[in-house]
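> Provided below are the primary sequence and the corresponding predicted coordinates.
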Amino acid sequence: MSVAEPRRIVLFRHAKADWPQVADHERPLADRGRRDAPVAGRKLADSGIAFDLALCSTAARTRETWKLAVQELPQRPKTVYEERLYEASPGELIAVLNETPDDVRSVLLIGHNPGVQGLTDVLAGDSEGDAQARLNRRGFPTATFSVLTYSGSWKALEPGTATLVDYWAPSE
């Protein structure tokens, strides 16, 4: 694959978490989250993107979201559970994405806010259709994802180099 061919970056916020008396990293999904995660998975499947790699935070709520969502995909991508995604800033998330091998065309990152929404905002130098307007209107509620395209080596991914091409939230 040529590095000039467009790549896909999907940034997926975990589904709604519960608030039991456990450490934040160990918070499980709430009932609504367990309902929304498979719906988001079906929407990801409907996107037609064949994911080569899924990068998932090690937090319980992101792992559970991914476990429920991935069942809806036609093929399970290689999944890497990455502790650096937990509580990561947009810059820290870019650093993780910069490590992606160049033979990977499409990456799905399952993480947390404010990092995931911030990364969408930071990467998107441009947008198509009404994706940016919908994102601005709705924000990035739980179980939401954005889809960006990018041309170039993963090592060269930096702010403003991608295009926001789609956005989906459970209430859409």
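Arrived safely.
> average pLDDT for stretch 160-172?
Stretch 160-172 shows a mean pLDDT of 93.
> The lengthiest helix in the chain: what's the following helix or strand?
Longest helix of the chain, by residue count under DSSP state H: helix 31-46. Using DSSP states H and E, the helix or strand that directly follows helix 31-46 along the chain is strand 53-57.
> That following strand: what's the following helix or strand?
Past strand 53-57, the next helix or strand by DSSP H and E is helix 60-70.
> how about that following helix: buried residues?
A60, R61, T62, R63, E64, T65, W66, L68, A69, V70 (16 or more other C-beta atoms under 10 Å). Where you see a C-beta, it was placed from the backbone N, CA and C, and this is true even at glycine.
> out of those, what pair is the most spread apart?
A60 and V70 (15.8 Å; C-beta to C-beta).
> what does whichever strand or helix holds F12 contact?
Using DSSP H and E, F12 sits in strand 6-13. Residues outside strand 6-13 that contact it (C-beta atoms under 8 Å, 6 or more residues apart in numbering) are 40, 44, 47, 49, 51, 65, 69, 97, 104-113, 116-117, 119-120, 123, 140-152, 154, 157, 162.
> what angle sits between that strand and strand 53-57?
Angle, strand 6-13 to strand 53-57, by axes from the mean of the first three to the mean of the last three C-alpha atoms, to 10 degrees: 30 degrees.
> can you state the direction angle for strand 6-13 and helix 60-70?
Going by the same axes, to 10 degrees, strand 6-13 makes 130 degrees with helix 60-70.
> strands paired with strand 6-13, and their directions?
Within its sheet, and counting by DSSP bridges, strand 6-13 is paired with strand 106-111 (parallel), strand 145-151 (antiparallel).
> which of those strands is buried the deepest?
strand 106-111 (a mean of 25; mean count of other C-beta atoms under 10 Å).
> Just the C-alpha atoms of that one, please, in CSV.
Taking C-alpha atoms only, strand 106-111 is exported to CSV below (Å, rounded to 0.1, in the frame of the first residue of the first chain):
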residue,chain,number,x,y,z
SER,A,106,-7.6,1.8,9.1
VAL,A,107,-7.3,2.3,12.8
LEU,A,108,-10.1,2.3,15.4
LEU,A,109,-9.2,4.0,18.7
ILE,A,110,-11.5,3.3,21.7
GLY,A,111,-10.9,5.8,24.4
